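>>> The sequence isn't on hand, but the structure is:
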Ligand SMILES: C[S@@+](CC[C@H](N)C(=O)[O-])C[C@H]1O[C@@H](n2cnc3c(N)ncnc32)[C@H](O)[C@@H]1O
(Lines give C-alpha, C1' and ligand atoms only; values in the text may rest on other atoms or scores of the structure.)
Protein backbone atom coordinates (compact mmCIF):
# COMPACT_ATOMS: atom_id res chain seq x y z
CA UNK A 1 0.00 0.00 0.00
CA UNK A 2 2.81 2.37 0.72
CA UNK A 3 5.86 3.33 -1.25
CA UNK A 4 8.88 2.51 0.81
CA UNK A 5 11.36 3.13 -1.99
CA UNK A 6 13.26 5.69 0.01
CA UNK A 7 12.27 5.36 3.64
CA UNK A 8 15.57 6.85 4.75
CA UNK A 9 14.05 10.23 3.89
CA UNK A 10 11.50 9.81 6.63
CA UNK A 11 12.24 11.05 10.14
CA UNK A 12 12.88 8.34 12.69
CA UNK A 13 10.82 7.39 15.70
CA UNK A 14 12.29 8.83 18.87
CA UNK A 15 11.47 6.34 21.59
CA UNK A 16 13.00 8.61 24.23
CA UNK A 17 10.16 11.05 23.95
CA UNK A 18 8.16 10.68 27.11
CA UNK A 19 4.67 11.08 25.76
CA UNK A 20 3.56 8.44 23.34
CA UNK A 21 1.09 10.90 21.90
CA UNK A 22 3.86 13.27 20.89
CA UNK A 23 5.38 10.57 18.73
CA UNK A 24 2.75 10.98 16.03
CA UNK A 25 4.99 13.02 13.83
CA UNK A 26 8.23 11.11 14.18
CA UNK A 27 6.96 7.53 13.81
CA UNK A 28 6.53 7.23 10.07
CA UNK A 29 4.93 3.83 9.80
CA UNK A 30 3.49 4.73 6.41
CA UNK A 31 4.96 6.23 3.26
CA UNK A 32 3.02 7.93 0.51
CA UNK A 33 -0.59 8.85 1.17
CA UNK A 34 -1.84 8.77 -2.43
CA UNK A 35 -0.54 6.61 -5.25
CA UNK A 36 -2.82 7.17 -8.22
CA UNK A 37 -5.64 9.52 -9.16
CA UNK A 38 -8.82 8.79 -7.26
CA UNK A 39 -11.79 8.02 -9.51
CA UNK A 40 -14.33 10.83 -9.77
CA UNK A 41 -17.10 8.84 -8.10
CA UNK A 42 -14.92 7.93 -5.15
CA UNK A 43 -13.55 11.49 -4.93
CA UNK A 44 -17.13 12.76 -4.71
CA UNK A 45 -17.66 10.54 -1.66
CA UNK A 46 -15.00 12.57 0.15
CA UNK A 47 -17.35 15.55 -0.14
CA UNK A 48 -20.65 13.79 0.46
CA UNK A 49 -20.16 10.69 2.63
CA UNK A 50 -16.91 11.41 4.45
CA UNK A 51 -18.23 14.45 6.39
CA UNK A 52 -21.05 12.23 7.72
CA UNK A 53 -18.85 9.39 8.89
CA UNK A 54 -15.52 11.04 9.72
CA UNK A 55 -14.16 10.52 13.22
CA UNK A 56 -14.00 13.94 14.90
CA UNK A 57 -10.57 15.57 14.72
CA UNK A 58 -8.62 13.72 17.42
CA UNK A 59 -6.28 16.65 17.95
CA UNK A 60 -9.20 18.76 19.19
CA UNK A 61 -9.92 16.67 22.26
CA UNK A 62 -11.12 13.30 23.56
CA UNK A 63 -13.32 11.12 21.37
CA UNK A 64 -16.35 9.51 22.99
CA UNK A 65 -17.31 6.40 21.00
CA UNK A 66 -20.83 6.56 22.43
CA UNK A 67 -21.28 9.92 20.75
CA UNK A 68 -20.34 8.37 17.40
CA UNK A 69 -22.97 5.63 17.58
CA UNK A 70 -25.08 5.71 20.76
CA UNK A 71 -26.75 2.35 20.06
CA UNK A 72 -23.44 0.49 19.54
CA UNK A 73 -23.01 -2.63 21.68
CA UNK A 74 -19.31 -2.91 20.86
CA UNK A 75 -16.52 -0.70 19.54
CA UNK A 76 -13.88 -2.06 17.16
CA UNK A 77 -10.79 -0.30 15.82
CA UNK A 78 -9.06 -1.35 12.60
CA UNK A 79 -5.62 0.17 12.17
CA UNK A 80 -4.43 0.50 8.56
CA UNK A 81 -7.52 -0.84 6.82
CA UNK A 82 -5.96 -0.55 3.34
CA UNK A 83 -8.80 -0.79 0.81
CA UNK A 84 -11.38 -1.26 3.56
CA UNK A 85 -12.56 -4.71 2.43
CA UNK A 86 -12.09 -6.28 5.85
CA UNK A 87 -13.56 -3.26 7.64
CA UNK A 88 -16.67 -3.23 5.45
CA UNK A 89 -17.20 -6.99 5.65
CA UNK A 90 -16.89 -6.97 9.44
CA UNK A 91 -19.21 -3.97 9.63
CA UNK A 92 -21.82 -5.82 7.59
CA UNK A 93 -21.51 -8.95 9.73
CA UNK A 94 -21.62 -7.02 13.02
CA UNK A 95 -24.12 -4.19 12.58
CA UNK A 96 -24.35 -3.71 16.36
CA UNK A 97 -20.65 -2.85 16.56
CA UNK A 98 -19.21 0.57 15.82
CA UNK A 99 -16.27 0.10 13.44
CA UNK A 100 -13.64 2.82 13.63
CA UNK A 101 -11.16 2.55 10.77
CA UNK A 102 -7.94 4.53 10.40
CA UNK A 103 -5.91 4.74 7.21
CA UNK A 104 -3.70 7.55 5.90
CA UNK A 105 -3.54 6.10 2.36
CA UNK A 106 -6.15 8.18 0.54
CA UNK A 107 -6.81 5.72 -2.27
CA UNK A 108 -7.62 3.19 0.45
CA UNK A 109 -9.99 5.62 2.17
CA UNK A 110 -11.69 6.28 -1.19
CA UNK A 111 -12.15 2.55 -1.67
CA UNK A 112 -13.51 2.17 1.87
CA UNK A 113 -16.00 4.98 1.25
CA UNK A 114 -17.23 3.10 -1.81
CA UNK A 115 -17.67 -0.09 0.25
CA UNK A 116 -19.57 1.83 2.94
CA UNK A 117 -21.85 3.41 0.37
CA UNK A 118 -22.47 0.23 -1.60
CA UNK A 119 -23.10 -1.79 1.55
CA UNK A 120 -25.36 0.88 3.06
CA UNK A 121 -23.23 0.52 6.20
CA UNK A 122 -24.30 2.72 9.09
CA UNK A 123 -21.75 1.59 11.67
CA UNK A 124 -18.46 2.68 10.09
CA UNK A 125 -16.50 5.79 11.07
CA UNK A 126 -13.28 6.70 9.28
CA UNK A 127 -10.15 8.63 10.13
CA UNK A 128 -8.09 9.35 7.01
CA UNK A 129 -4.82 9.63 8.87
CA UNK A 130 -2.55 8.14 11.51
CA UNK A 131 -4.36 5.75 13.86
CA UNK A 132 -2.25 6.84 16.81
CA UNK A 133 -3.96 10.23 17.03
CA UNK A 134 -7.34 8.51 17.37
CA UNK A 135 -5.97 6.03 19.89
CA UNK A 136 -4.65 8.86 22.05
CA UNK A 137 -8.04 10.57 21.97
CA UNK A 138 -10.01 7.45 22.98
CA UNK A 139 -10.73 6.78 26.66
CA UNK A 140 -9.33 3.88 28.69
CA UNK A 141 -11.18 0.57 28.29
CA UNK A 142 -13.27 1.81 25.37
CA UNK A 143 -12.59 -0.88 22.73
CA UNK A 144 -13.77 -4.47 22.35
CA UNK A 145 -11.56 -5.37 19.42
CA UNK A 146 -8.40 -3.95 17.83
CA UNK A 147 -7.30 -5.28 14.44
CA UNK A 148 -3.87 -4.78 12.89
CA UNK A 149 -3.80 -6.80 9.69
CA UNK A 150 -0.74 -7.09 7.51
CA UNK A 151 0.93 -3.89 8.75
CA UNK A 152 3.79 -2.55 6.65
CA UNK A 153 6.67 -4.89 7.52
CA UNK A 154 9.65 -2.53 7.55
CA UNK A 155 11.65 -5.71 7.76
CA UNK A 156 15.15 -4.34 7.26
CA UNK A 157 16.64 -4.04 10.72
CA UNK A 158 17.42 -0.35 10.29
CA UNK A 159 13.74 0.27 9.45
CA UNK A 160 12.25 -1.75 12.32
CA UNK A 161 11.72 1.45 14.29
CA UNK A 162 9.05 2.43 11.74
CA UNK A 163 6.89 -0.58 12.52
CA UNK A 164 3.47 0.27 13.85
CA UNK A 165 3.73 -2.27 16.62
CA UNK A 166 6.25 -0.93 19.13
CA UNK A 167 6.21 -1.42 22.90
CA UNK A 168 4.49 1.96 23.17
CA UNK A 169 1.71 0.93 20.78
CA UNK A 170 1.17 -2.37 22.59
CA UNK A 171 0.84 -0.53 25.93
CA UNK A 172 -1.59 1.89 24.32
CA UNK A 173 -3.67 -0.99 22.96
CA UNK A 174 -3.80 -2.54 26.44
CA UNK A 175 -5.01 0.80 27.82
CA UNK A 176 -7.75 1.01 25.22
CA UNK A 177 -9.12 -2.52 25.46
CA UNK A 178 -12.00 -3.31 27.78
CA UNK A 179 -11.40 -6.23 30.13
CA UNK A 180 -11.89 -9.28 27.91
CA UNK A 181 -11.33 -7.16 24.79
CA UNK A 182 -9.02 -8.56 22.12
CA UNK A 183 -6.31 -7.43 19.77
CA UNK A 184 -5.58 -9.36 16.59
CA UNK A 185 -2.24 -8.90 14.82
CA UNK A 186 -1.67 -10.70 11.51
CA UNK A 187 1.42 -10.67 9.33
CA UNK A 188 3.02 -12.79 6.64
CA UNK A 189 6.52 -11.74 7.62
CA UNK A 190 8.10 -14.14 10.10
CA UNK A 191 10.42 -11.58 11.68
CA UNK A 192 7.54 -9.13 12.25
CA UNK A 193 5.47 -11.93 13.83
CA UNK A 194 8.35 -12.70 16.21
CA UNK A 195 8.82 -9.00 16.94
CA UNK A 196 5.12 -8.47 17.62
CA UNK A 197 4.82 -11.60 19.76
CA UNK A 198 7.74 -10.49 21.91
CA UNK A 199 6.25 -7.05 22.47
CA UNK A 200 2.67 -8.13 23.02
CA UNK A 201 3.78 -10.83 25.48
CA UNK A 202 5.70 -8.36 27.60
CA UNK A 203 2.86 -5.83 27.68
CA UNK A 204 1.22 -5.76 31.13
CA UNK A 205 -2.45 -6.73 30.99
CA UNK A 206 -2.32 -8.70 27.74
CA UNK A 207 -2.58 -12.51 27.61
CA UNK A 208 -2.18 -14.61 24.51
CA UNK A 209 -5.22 -16.56 23.34
CA UNK A 210 -4.44 -19.88 21.68
CA UNK A 211 -6.61 -22.96 21.54
CA UNK A 212 -5.11 -26.26 22.67
CA UNK A 213 -2.94 -27.77 19.94
CA UNK A 214 -3.32 -24.70 17.73
CA UNK A 215 -0.29 -23.17 16.02
CA UNK A 216 0.13 -19.57 14.99
CA UNK A 217 -0.88 -20.32 11.41
CA UNK A 218 -4.40 -21.21 12.55
CA UNK A 219 -6.66 -18.75 10.77
CA UNK A 220 -8.96 -16.91 13.16
CA UNK A 221 -12.55 -18.01 12.63
CA UNK A 222 -13.91 -14.61 11.62
CA UNK A 223 -10.93 -13.54 9.50
CA UNK A 224 -11.63 -11.79 6.18
CA UNK A 225 -9.05 -12.12 3.40
CA UNK A 226 -8.27 -8.93 1.49
CA UNK A 227 -6.74 -8.45 -1.94
CA UNK A 228 -3.57 -7.32 -0.21
CA UNK A 229 -3.32 -10.60 1.70
CA UNK A 230 -3.93 -12.53 -1.52
CA UNK A 231 -0.78 -11.00 -3.02
CA UNK A 232 1.27 -13.09 -0.55
CA UNK A 233 4.09 -10.57 -0.40
CA UNK A 234 5.61 -11.92 2.80
CA UNK A 235 7.96 -14.80 3.47
CA UNK A 236 5.53 -17.06 5.36
CA UNK A 237 1.90 -18.08 5.49
CA UNK A 238 -0.08 -15.56 7.54
CA UNK A 239 0.60 -15.74 11.26
CA UNK A 240 -2.25 -14.89 13.63
CA UNK A 241 -1.53 -13.42 17.07
CA UNK A 242 -4.53 -12.90 19.31
CA UNK A 243 -4.27 -11.33 22.77
CA UNK A 244 -6.90 -10.62 25.41
CA UNK A 245 -7.02 -7.81 27.94
CA UNK A 246 -7.08 -9.29 31.40
CA UNK A 247 -9.58 -7.82 33.83
C1 LIG B 1 0.29 -3.41 3.95
S2 LIG B 1 -1.14 -2.49 4.13
C3 LIG B 1 -2.38 -3.67 4.64
C4 LIG B 1 -3.75 -3.15 4.45
C5 LIG B 1 -4.89 -4.00 5.02
N6 LIG B 1 -4.78 -4.14 6.45
C7 LIG B 1 -5.02 -5.36 4.39
O8 LIG B 1 -4.67 -6.35 5.05
O9 LIG B 1 -5.47 -5.43 3.25
C10 LIG B 1 -0.80 -1.63 5.66
C11 LIG B 1 -1.60 -0.35 5.77
O12 LIG B 1 -1.34 0.26 7.04
C13 LIG B 1 -1.41 1.65 6.85
N14 LIG B 1 -0.73 2.33 7.97
C15 LIG B 1 0.60 2.43 8.18
N16 LIG B 1 0.85 3.16 9.27
C17 LIG B 1 -0.36 3.53 9.77
C18 LIG B 1 -0.76 4.32 10.89
N19 LIG B 1 0.15 4.87 11.69
N20 LIG B 1 -2.09 4.49 11.09
C21 LIG B 1 -3.01 3.93 10.27
N22 LIG B 1 -2.68 3.19 9.20
C23 LIG B 1 -1.38 2.99 8.95
C24 LIG B 1 -0.76 1.87 5.50
O25 LIG B 1 -1.12 3.10 4.90
C26 LIG B 1 -1.25 0.68 4.71
O27 LIG B 1 -2.40 0.96 3.96
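Yep, that arrived. Since this is a predicted model, take the numbers as computed values, not measurements.
>>> so what's residue 86 up against?
The contact partners of residue 86, by Cβ atoms under 8 Å, 6 or more residues apart in numbering, come to 78, 147, 149, 224, 226. Any C-beta I mention is one placed from the backbone N, CA and C, and that applies to glycine too.
>>> Quick check: buried residues in stretch 223-233?
By neighbour count, and taking 16 or more other Cβ atoms under 10 Å as the criterion, the buried residues in stretch 223-233 are 223, 226, 228, 229.
>>> Can you pull up the most central residue in this protein?
The centroid of the chain falls nearest to residue 79 when counting by Cα atoms, centre = their mean (0.9 Å).
>>> quick one: the residue nearest to that residue when sequence neighbours are not counted and residue 195, what's the gap?
Nearest-residue entry for residue 79: residue 131, 4.2 Å, with adjacent residues in sequence omitted and distances by Cβ to Cβ, 6 or more residues apart in numbering. Using Cβ to Cβ, to the nearest Å, we find residue 131 at a distance of 18 Å from residue 195.
>>> Which one's more surrounded, these two?
Counted by other Cβ atoms under 10 Å, residue 131 and residue 195 do not tie: residue 131 has more neighbours, with 27 against 19.
>>> isn't the residue nearest to residue 79 right up against residue 80?
Yes - the criterion here is Cβ atoms under 8 Å, and residue 131 meets it with residue 80 at 6.8 Å.
>>> shared neighbours of those two, anything?
102, 164.
>>> need the longest helix for the protein.
What stands out as the longest helix in the chain, according to DSSP state H, is helix 106-119.
>>> filter the buried residues of stretch 223-233 down to the ones near the ligand?
With Cβ under 6 Å from any ligand atom as the criterion, the buried residues of stretch 223-233 include 226, 228, 229 near the ligand.
>>> So which of those sit within helices?
228, 229.
>>> quick check, nearest of the ones next to the ligand among the buried residues of stretch 223-233 to residue 65?
Residue 65 lies nearest to residue 226 out of these, by Cβ to Cβ, at 24.5 Å.
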